[in-house]
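Colleague: Sharing a sequence plus its predicted fold:
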Amino acid sequence: MNERTVTINTSDHGPVTIPEPMWCTGHHRDGAHRSDIHHAGVDHVVTVDSPRGRYELLRMALSQWPYGLSAPGNGVYVSVHLPDGDPEYDSAGLEGLAADLLEAAVKVRRMARRVAIESRLGDGR
């Protein structure tokens with residue numbers, strides 16, 4: 001099996017040659033610390049429709065920090081780009097995110113029902 005490798009010039013360890021996952025887009029920044037080496041996959045975009053068009057809800061991409069010193073560690077994760085940050089999730093974390101999104105969908109449906117009821121009742125004035 002042919003393994004792809006990539007050499008990245010780091011400021012603290014010089015040139016570092018590492019295996020590059022097949023899913024990595026190959027965009028690596030030279031000159032950073034070795035712990036900043038990052039493999040990133042293609043973004044998968046989740047959008048929602050609205051009366052005024054389609055809006056981006058979140059983006060997800062495979063992610064790995066081979067020499068990462070802090071959470072999430074050096075395993076493969078999914079980086080989720082949200083309006084307030086880019087948390088990274090392992091498999092269990094993604095299951096939690098999916099549960100949160102389902103819960104959010106339930107809340108949106110409740111609001112839809114409420115709007116439908118209020119529309120039928122009028123504004124109460």
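Modeller: Cool, the structure landed.
Colleague: Just the CA trace of the least confident helix or strand in the chain by mean pLDDT, in CSV.
Modeller: Least confident helix or strand of the chain, by mean pLDDT, DSSP states H and E, is strand 44-50 with a mean of 81. Taking only C-alpha atoms (Å, rounded to 0.1, in the frame of the first residue of the first chain), the coordinates of strand 44-50 have been written out as CSV:
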residue,chain,number,x,y,z
HIS,A,44,-19.4,19.2,4.4
VAL,A,45,-22.0,21.9,4.6
VAL,A,46,-25.4,21.6,6.4
THR,A,47,-27.8,24.3,5.1
VAL,A,48,-31.4,25.2,5.9
ASP,A,49,-34.0,26.7,3.6
SER,A,50,-35.9,29.9,4.5
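Colleague: so after it, what's the next helix or strand?
Modeller: Proceeding C-terminally, strand 44-50 gives way to strand 53-64 as the next helix or strand, assigned by DSSP states H and E.
Colleague: Run through who's touching that following strand.
Modeller: The contact list for strand 53-64, computed with Cβ atoms under 8 Å, 6 or more residues apart in numbering, reads 21, 23-24, 38-48, 74-82, 88. All C-beta spots, glycine's among them, are computed from the backbone N, C-alpha and C.
Colleague: do that again at 7 Å, thanks
Modeller: 21, 23, 39-48, 74-82, 88 (Cβ atoms under 7 Å, 6 or more residues apart in numbering).
Colleague: Likewise for stretch 3-22?
Modeller: Applying Cβ under 7 Å, 6+ apart, the external contacts of stretch 3-22 come out as G26, H28, D30, G31, A32, H33, R34, I37, H39, Q64, P66.
Colleague: Please check these and keep the buried ones.
Modeller: The neighbour count (16 or more other Cβ atoms under 10 Å) marks H28, R34, I37, H39, Q64, P66 as buried among the contacts of stretch 3-22.
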